[in-house]
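Engineer: after the sequence you'll find the predicted model.
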Amino acid sequence: MTITATGPIAREITERLQKSLAPTRLVVRDESEKHRGHAGHDARGESHFFVEIEAPGFAGLSRVARQRQVNAALADLLAERVHALAIKAVAPGE
């Protein structure tokens, strides 16, 4: 498993996704700096993330259904702290 962001929000995202989706591969990357000066940028950082996740539970699900599972695991973070989340969700072997 790969984790590339280490701030408190990134760690919380990682923990929640590990607990709820049991991924075989997980990359959490803080891309906030790319959005400096844009709407939703938070001077504290950790406002924009990219998540790449591979999980057996995604097998047979549509792209939208997979993203909904990720969003559900992070719902309160998305409502309160994270402005943007890009998701690449795949099943093993894809």
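Structural biologist: Thanks, I have the structure now.

Engineer: quick check: longest helix of this protein.
Structural biologist: helix 8-21 (DSSP state H).

Engineer: helix 8-21 and the next helix or strand after that one, what's the angle between them?
Structural biologist: Next in sequence after helix 8-21, counting helices and strands by DSSP states H and E, comes strand 25-30. Angle, strand 25-30 to helix 8-21, by axes from the mean of the first three to the mean of the last three C-alpha atoms, to 10 degrees: 150 degrees.

Engineer: got the buried residues for strand 25-30?
Structural biologist: Leu26, Val27, Val28, Arg29, Asp30 (16 or more other C-beta atoms under 10 Å). All C-beta atoms are positioned from the backbone trio N, CA, C, and that covers glycine.

Engineer: pick out the residue closest to the middle of this structure.
Structural biologist: Val51 (3.7 Å; C-alpha atoms, centre = their mean).

Engineer: got a list of what that residue touches?
Structural biologist: Ile13, Leu17, Leu26, Val27, Val28, Arg29, Val70, Leu85, Ala86, Ile87, Lys88, Ala89 (C-beta atoms under 8 Å, 6 or more residues apart in numbering).

Engineer: recalculate using a threshold of 7 Å.
Structural biologist: Ile13, Val27, Val28, Val70, Leu85, Ile87 (C-beta atoms under 7 Å, 6 or more residues apart in numbering).

Engineer: which one of these sits closest to Leu77?
Structural biologist: Set against Leu77, the nearest of the contacts of Val51 by C-beta to C-beta is Ile13 (6.8 Å).

Engineer: quick check: the nearest residue to the closest one once chain neighbours are set aside vs Glu15, distance?
Structural biologist: With sequence-adjacent residues excluded and distances taken as C-beta to C-beta, 6 or more residues apart in numbering, Ile13 is closest to Val28, at 5.2 Å. Computed as C-beta to C-beta, to the nearest Å, the Val28 to Glu15 distance reads 10 Å.

Engineer: same check, this time on Glu80
Structural biologist: From Glu80 to Glu15 the distance is 16 Å (C-beta to C-beta).
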